[in-house]
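Undergrad: need a structure here:
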Amino acid sequence: RLQKDLAKTIVFVTHDIDEATILGDKVAVFAVGGKLAQYATPEEILRAPANDFVASFVGRDRGFRHLGFTTSDAVTIHPVPTLVRNAGQFAGDPASATGWQLVVDPDMRPLGWARPGTDSELIPGGSLFRPGETLRRALDSALSSPSGQGVAVDDEGRVRGTVRAQEVLAVIEEARQERQAAL
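TA: Next up is the predicted model:
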């Protein structure tokens, strides 16, 4: 945004790869002696480091961080059984459920999860994500949820459905195979 507002090229110098990938449209990685090792988009540097020096610099979790540049548009969002909780009371019987139920308020905003066979215990949910956000957010949502289901919400925070980690991983694997086929 700074570049657009000022109509100038801005150069930030950092030793923090996370900061560089967040702030930069392009990232230059310099090796010892000031030799340019790679100049590319943050996504490209994380996906395909030019050499061992760049790979070492960006770190071991570069594959996971790369997910922050890929949208979750290809992930299928599934309907989820919900249980409305209003003024501390459930509309329905959570104890009769055979699987996890997402507890929502009357406006369909998630409050947490009801474990199968319990009558009133509300278990806090994991992180939420919006469809179209990154695969990293979708995967984190599924992995941080006690039910194993990541909750997708709309812009107003209302439940759209859920996704499981293995479904996000399947989309990641499909994209990897497409990249390999293009080589």
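Undergrad: from the chain's centre, how far out does the helix or strand in which G63 is found sit?
TA: In this assignment (DSSP states H and E), G63 forms part of helix 62-66. Chain-centre distance of helix 62-66: 11 Å, with CA atoms, centre = their mean, to the nearest Å.
Undergrad: Which positions within it qualify as buried?
TA: With burial defined by 16 or more other CB atoms under 10 Å, the residues of helix 62-66 counted as buried are R62, R65, H66. Every C-beta, even on glycine, is put in place using the N, C-alpha and C of the backbone.
Undergrad: Repeat that for stretch 132-140.
TA: By 16+ other CB under 10 Å, the buried positions in stretch 132-140 come out as E133, T134, L135, R136, R137, A138, L139, D140.
Undergrad: Mind checking which of those residues land in helices?
TA: Of the positions in those, L135, R136, R137, A138, L139, D140 sit in helices, assigned by DSSP state H.
Undergrad: From A114, how far off is the residue most central in space within the chain?
TA: Among the residues of the chain, the one closest to the centroid is R137, at 1.2 Å (CA atoms, centre = their mean). Per CB to CB, to the nearest Å, R137 is found 24 Å from A114.
Undergrad: And for A48?
TA: Computed as CB to CB, the A48 to A114 distance reads 44 Å.
Undergrad: Name the residue in those two with the higher neighbour count.
TA: Higher neighbour count among A48 and A114: A114, with 27 against 14, using other CB atoms under 10 Å.
Undergrad: for the closest residue to the residue nearest to the centre of the chain other than its chain neighbours, what are its contacts?
TA: Residue nearest to R137 in three dimensions, not counting chain neighbours: F129, with 4.2 Å by CB to CB, 6 or more residues apart in numbering. Going by CB atoms under 8 Å, 6 or more residues apart in numbering, F129 touches S72, R137, A138, D140, S141, G150, V151, A152, V153.
Undergrad: Having no further points to raise, I will conclude here.
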